[in-house]
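# Requesting a structural model of the entry that follows:
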Amino acid sequence: MSIKTARINTAEKIIIAAAVIFAYFFMSHPDLWETANHSYVFLESIFDGKVMDFYRYCARHENTYYYINRANYNIMVYVVFGLWELPVFLFNRIFSLPLNEAFLIYWAKAVSVMFFAGSGLMVKKICRRMGLSQTDALAAAMFFLFNPIAFYSPVAMGQYDSLCLFFTLWALVWYLKKDMKKFSLIMGAGVVFKFFPFLIFIPLLLLAEKKILNIVKYGLFSLWLYIPTTLLYMGRTGNAAAFTGMMIERMFASSFHAGITSAPVFFTVYIIIVFACYLYKKDGPSFDYLAVYLPMVVFSLLFTCIYWHPQWLILLMPFVVITTFLQKGRTVWFYLDVAMSAGFFGLCYLAFPGRCASRLFGGGVLNHIFGLNIYETQITYVWQFLRLVPYCIQLIPAVFAACLIIGRLFKFPVKGVSLADRLSDGARYDKIPLKVFGYGIFAAGFGLCWLAPSALEWLNALSII
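Okay, the predicted model is just below:
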């Protein structure tokens with residue numbers, strides 16, 4: 001595809017802008033509301049000279065703001081959101097105005113979306129470092145930004161896993177440049193937002209570094225921000241430590257019988273992966289490819305072994321997209337993206353019926369302006385219709401898990417070429433323009449698999465249909 005055909009024309013820009021604006025303003029998850037308000041409380045605690053009591057203030061709910069949960073994240077989450085909310089806070093303080101929580105939601109949502117856009121830029125940089133043309137690198141970035149699963153988390157839900165993803169991808173840029181110090185330091189910035197980046201940091205470190213002292217050194221570099229921020233509030237975070245422990249416990253839930261007792265599936269396979277990375281020659285022919293293949297494998301393994309939350313899947317998608325663009329035959333992988341989206345949103349309907357479909361519209365402008373809110377007792381959930389289709393409930397998780405496993409298996413490099421490219425002649429089927437696939441995946445995955453069913457569920461709950 002030539003650069004000329006890769007350009008986005010005016011009509012396309014309008015459609016893209018409309019999709020982003022619609023998702024940004026018409027839907028939002030309550031988690032964003034809570035974190036936005038927690039960050040505002042963080043600013044209040046600073047200006048009141050009681051910053052060390054921040055977690056206690058949130059736990060005791062010493063205000064009238066909306067939030068159900070306590071502040072459960074590392075303090076850096078509230079620092080980032082607090083810096084962005086600082087102009088709003090100062091304006092309210094100067095003019096003695098109360099907090100407009102609805103406005104703060106949309107103001108804070110910009111943080112998630114900006115880091116998401118920055119992640120798209122990092123996808124482009126990684127693709128260029130791996131030898132893709134400017135056109136393909138730009139296309140890969142767009143495919144990531146409008147991948148239904150990736151787009152759903154920060155733009156529709158307003159979730160903020162895009163923060164740790166941005167630093168993870170930025171660190172990977174330096175990894176490909178063979179700068180292990182910057183790789184470790186930047187990865188360490190991502191770890192404070194969610195611990196997931198550390199899961200790919202370890203195998204990537206051992207893939208590139210074989211000297212034990214250097215491994216220890218870079219490992220310590222990766223904790224440069226986590227250790228001081230944790231020590232700063234040690235004993236003052238209330239439920240936050242228990243919350244993190246609960247998330248880690250999920251990685252031990254899926255197990256198999258291993259003689260005397262059971263062994264966790266995730267960590268058993270993960271240890272094998274880490275060992276293989278340490279054995280691998282860092283000047284091997286597939287080193288750069290493994291830098292993006294391994295994160296896809298680790299996150300795919302994670303999300304087939306744990307009880308995940310929908311927003312976490314954004315961490316997987318850039319690696320799915322990048323590895324697809326490194327294939328000679330891409331068509332089959334584009335079709336697989338639609339199947340993965342269908343499985344993902346189907347699981348969201350099944351596992352999170354009251355949080356990830358029509359209820360998202362309750363966080364949008366239609367509710368804040370016109371009061372068009374719905375309650376659980378009013379909703380006929382999408383999953384109630386899905387169970388009417390024979391074996392649909394059983395097939396949805398099978399489709400999603402199969403998509404994750406297929407990526408791990410058939411994108412495996414064999415002497416510099418993926419197993420899929422060795423087995424197939426996929427290039428002969430790449431006759432459909434790349435743009436058609438890009439827009440088609442978004443329309444089918446996000447539009448048909450999520451937006452249409454969720455909108456119908458919402459309209460039905462409002463007794464409009």
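
# The protein: strands as residue ranges?
Remark: strands assigned in the chain by DSSP state E are 255-258, 261-264, 413-414, 417-418.

# now the ones you listed as TSV including mean neighbour count and mean pLDDT?
In short, each C-beta sits where N, CA and C put it, glycine included. Output for these, formatted as TSV (neighbours: other CB atoms under 10 Å; pLDDT from 0 to 100):
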stretch	mean neighbour count	mean pLDDT
strand 255-258	10	88
strand 261-264	13	92
strand 413-414	16	90
strand 417-418	18	90
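
# so what secondary structure elements neighbour the longest helix seen in the chain?
Longest helix in the chain by number of residues, with DSSP state H as the criterion: helix 101-129. Packed against helix 101-129 by the contact rule (3 or more CB pairs under 8 Å, 6 or more residues apart in numbering; DSSP states H and E) you find helix 10-26, helix 30-47, helix 75-94, helix 134-145, helix 162-176, helix 317-325.

# For the strands of the chain, give me JSON lines that also has distance to Phe144.
Shown next, in JSON lines, are the strands of the chain (distance: least, CB to CB, whole Å):
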{"stretch": "strand 255-258", "distance to Phe144": "33"}
{"stretch": "strand 261-264", "distance to Phe144": "30"}
{"stretch": "strand 413-414", "distance to Phe144": "21"}
{"stretch": "strand 417-418", "distance to Phe144": "19"}
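
# Which among those strands is found nearest to Phe183?
Closest to Phe183 of the strands of the chain, according to CB to CB: strand 413-414, at 21.0 Å.

# Contacts for the closest one, please.
Ser286, Tyr289, Leu290, Tyr293, Leu419, Arg422 (CB atoms under 8 Å, 6 or more residues apart in numbering).

# Spell out which strands sit alongside it in the sheet and which way each one runs.
Strand pairing for strand 413-414, determined by DSSP bridges: strand 417-418 (antiparallel).

# buried residues in stretch 384-391?
With burial defined by 16 or more other CB atoms under 10 Å, the residues of stretch 384-391 counted as buried are Leu386.

# For the stretch 301-450 of the chain, give me the ranges with low pLDDT.
In the predicted model, the stretch 301-450 of the chain carries pLDDT under 70 at residues 376, 426-430.

# Any idea which residue is closest to the centre of this protein?
Ile314 (2.3 Å; CA atoms, centre = their mean).

# circling back: go through the helices and strands packed on helix 101-129 and name the closest to Cys392.
Of all the helices and strands packed on helix 101-129, helix 317-325 comes closest under CB to CB, at 24.3 Å.

# who touches that closest one?
Residues contacting helix 317-325 (CB under 8 Å, 6+ apart): 119, 122-123, 126-127, 130, 132, 136, 139-140, 143-144, 147, 149-150, 165, 169, 289, 292-293, 295-296, 299, 330, 333-334, 337, 340, 407, 411, 418.

# 6 Å instead, please
123, 136, 140, 143-144, 147, 149-150, 292-293, 295-296, 330, 333, 411 (CB atoms under 6 Å, 6 or more residues apart in numbering).

# Is it correct that Ala342 is in contact with Leu448?
No. Between Ala342 and Leu448 there is no contact under CB atoms under 6 Å: 8.5 Å.

# Who has more neighbours out of those two?
Ala342 (20 against 15; other CB atoms under 10 Å).

# Quick check: Tyr280 vs Tyr293, distance?
12 Å (CB to CB, to the nearest Å).

# who's more crowded, those two?
Remark: of Tyr280 and Tyr293, Tyr293 carries more neighbours, 21 against 18, as counted by other CB under 10 Å.

# related to what we said a few turns ago, what's the most distant pair in the contacts of helix 317-325?
Asp136 and Ile149 (21.1 Å).

# Settle it for me: which of these two has more neighbours?
Ile149 (24 against 21).

# Thr230 - how many residues pack around it?
Other residues within reach of Thr230, judged by other CB under 10 Å, total 17.
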